[in-house]
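S.K.: what's the 3D shape of this:
(one chain, ligands or ions: 1)
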Amino acid sequence: MVFNKKLENFNPFSKKDFISVEQITSLREIEYLFQIADLMKEAVEKKKKSFLLEDKTLVILFYQPSTRTFTSFQAAAQWLGCQRIIAIAGMEFYSSAVKGESLPDTIRTVEQTTNCDLIILRHPDDNSSEIAARYANVPVINAGSGKKEHPTQALLDLYTIRQKFGHFENLNIAMLGDLKNGRTVKSLSLLLGVVSSKISIVFVSPPELKIPKEFLEKLKEKGMKIKETENLEEVLPEIDVLYVTRIQKEWFENEEEYQKVKGSYVITPEIMKKAKRKMIVMHPLPRVDEIDFRFDSDPRAFYFYQIRNGLYIRMALIAAILGKF
Ligand code: NCD
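M.R.: Below is the predicted model of the structure:
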């Protein structure tokens, strides 16, 4: 892969962990990464061969289920020409964690067994990536930590919004669904606060699944325009981006609690008649029942298109962290 375009001499990601969107403090940092992602997109579309990471070794450890994040990180490394990728899904079942090994010990172990240059981690604990980064001698990328953060998802979500609208000014964004347990909404909301002060976010959920109060306060302190409601149809006509999320059954105390809120919101072609023609519907996926399959053919359904951006963003991030730009 040959990159002709000269990037400015500015790489805020070089040799660093990427644990939280809060590490990003300026639009310039985001634009830098998006510029690389644009190059990656072009390279993948033209099926260009890359040797960028041919000297590198990557470890990908997933302690929670995943389809998109796992396959796209792996594919990202391969598209960049990485020769040694140790990618393990189901760490919670198949690693020595089952025998009681701690995360710090597992991290120190894989560094020894693989001599890796980068570790990518998904884990159910909120602070897992920080802990891993503390013990690792190489950079760590957070591929989803507990209910708290999913920073690479936020980047690909933002990249998708930029592709559609070309800017971030004056957008009305609705976050819908399980705002209590979901991590993607939290990371994306924080990142939106970095790109523009003229974005308004409305959080739409059943009372049981509201976004945590402390988190909301944090956004308000940043000067963001925030609202909360239970009523989607009331706000829908004003929305530019409807970000739908799954009700996350795995975090519920019992089946009964889940059944109370299951199916609270279902996006159907009928409901979407109330929305703007130029808006988009996003979803980090997986979907269960919150978007009717019949809506998939609507030009506003962006969730499958959104997935591909995960490949480009993860390629860009890995390359930037490993100092290749
Ligand atoms: C999400 C996650 O794992 O946080 N999925 C993803 O990575 N795209 C959302 C979910 O599990 O519902």
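S.K.: Tell me how many other residues crowd residue 101.
M.R.: Residues near residue 101, counting by other CB atoms under 10 Å, number 12. Using the backbone N, CA and C atoms, a C-beta is placed for each residue, glycine as well.
S.K.: quick one: contacts for it?
M.R.: Residue 101 makes contact with 95, 109, according to CB atoms under 8 Å, 6 or more residues apart in numbering.
S.K.: ok, now which ones touch the nearest residue to residue 14 once chain neighbours are set aside?
M.R.: Nearest residue to residue 14, sequence neighbours excluded (CB to CB, 6 or more residues apart in numbering): residue 323, at 4.7 Å. When contacts are counted by CB under 8 Å, 6+ apart, residue 323 is found next to 11, 14-15.
S.K.: show me where pLDDT drops low in the chain?
M.R.: Low-confidence segments of the chain, defined by pLDDT under 70: 1-6.
S.K.: so what's the spatially most central residue of the chain up against?
M.R.: The chain has residue 153 as the residue nearest its centroid, 1.0 Å off, counting by CA atoms, centre = their mean. When contacts are counted by CB under 8 Å, 6+ apart, residue 153 is found next to 69, 144, 183-184, 187-188, 284, 310.
S.K.: what subset of those residues is also close to the ligand?
M.R.: Taking CB under 6 Å from any ligand atom as the test, the ligand is in contact with 69, 144, 183-184, 284 out of the contacts of residue 153.
S.K.: Among those, which lie within helices?
M.R.: Taking DSSP state H as the definition of helices, those contribute 69, 184.
S.K.: ok, which pair from the ones next to the ligand among the contacts of residue 153 is furthest apart?
M.R.: Checked with CB to CB, those reach their widest spread between 69 and 183, with 11.3 Å between them.
S.K.: between these two, what contacts are shared?
M.R.: By CB under 8 Å, 6+ apart, the residues touching both residue 69 and residue 183 are 144, 150, 153.
S.K.: was I right about residue 205 contacting residue 182?
M.R.: No - using CB atoms under 8 Å, residue 205 makes no contact with residue 182, being 9.5 Å away.
S.K.: Residues touching stretch 298-306, excluding its own?
M.R.: So stretch 298-306 is contacted by 156-157, 160, 164, 244, 269, 272, 275, 277, 279-285, 287, 291, 295-296 (CB under 8 Å, 6+ apart).
S.K.: In helices only, show me the residues you listed.
M.R.: Those of the contacts of stretch 298-306 lying in helices (DSSP H): 156-157, 160, 164.
S.K.: Export those to JSON lines and append columns for distance to residue 173 and neighbour count.
M.R.: As requested, the ones in helices among the contacts of stretch 298-306 are exported to JSON lines (distance: CB to CB, whole Å; neighbours: other CB atoms under 10 Å):
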{"residue": "156", "distance to residue 173": "15", "neighbour count": "30"}
{"residue": "157", "distance to residue 173": "10", "neighbour count": "26"}
{"residue": "160", "distance to residue 173": "12", "neighbour count": "22"}
{"residue": "164", "distance to residue 173": "12", "neighbour count": "17"}
